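Q: Please work out how this folds:
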Amino acid sequence: MSEFKLGDIFGCEAVKNFGAALRRALRIGDDYASLVELEYVETKEQFEEVIKKFLRRYETIARKGYKGKELSRLSEKDLEELMILVDKYDVKPIRAALISYALVRGEREEVSSEFEEVVADE
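A: Take a look at the predicted model:
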C-alpha cells in the first residue's frame, strides 16, 4: 500500500504550475511532443531530460506569446520543488499529476478566455 497521499502531489503549487504550463504549450503551441515524452518517462534521469526539453520548447512558445503578449515562465522554485517531489515519490505519480493538470480546464479558464487571462496576469 502506498505511503503517500495523492493530495500531497496534486496539491503542490509546482505541479500545478508545471501542469498549467504544459497545458498552455499544448493549446497555444501544439506541443504534443512534450506530453508524449512525459507519458513514457520511467526513471529520474529520463524525467530530468524530458523536463529540460519541455522547458526549452516552452521558452520558444512563451516568447512567441499569445495575442501579442509573452506567456509567463516557470520559476526556479517550481523546478526545484518538482525535482524534490520526484526524489520523494518517484517519477510515476508526478508524471501522472503533470499530465492530468495539462489536460483539465484551469480554474481561471472560461470557455475561450483562459489564455487571455494568463497573459493578462503577467
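
Q: Looking at the chain, which helix is longest?
A: Scanning the chain for the helix with the most residues, using DSSP state H, yields helix 44-64.

Q: tell me which residues of that helix are tucked away?
A: Of all the residues in helix 44-64, those buried under the rule 16 or more other C-beta atoms under 10 Å are 47, 50-51, 54-55, 57-58, 61-62. From N, CA and C alone the C-beta is placed, and that goes for glycine too.

Q: next helix or strand past it?
A: For helix 44-64, the following helix or strand on the C-terminal side (DSSP states H and E) is helix 76-89.

Q: which ones are touching the closest residue to Asp8 other than its chain neighbours?
A: With C-beta to C-beta, 6 or more residues apart in numbering as the criterion, Asp8 has its nearest non-adjacent residue at 7.7 Å, and that residue is Tyr89. By C-beta atoms under 8 Å, 6 or more residues apart in numbering, the contact list for Tyr89 reads 4, 8-9.

Q: Give the residue spans of this structure that score low on pLDDT.
A: Scanning the chain with the threshold set as pLDDT under 70 gives 1-2, 108-122.

Q: And the residue nearest to Asp8, how close does it get to Phe10?
A: Noted for Tyr89: a distance of 11 Å to Phe10, by C-beta to C-beta, to the nearest Å.

Q: State the distance from the residue nearest to Asp8 to Ala96.
A: 10 Å.
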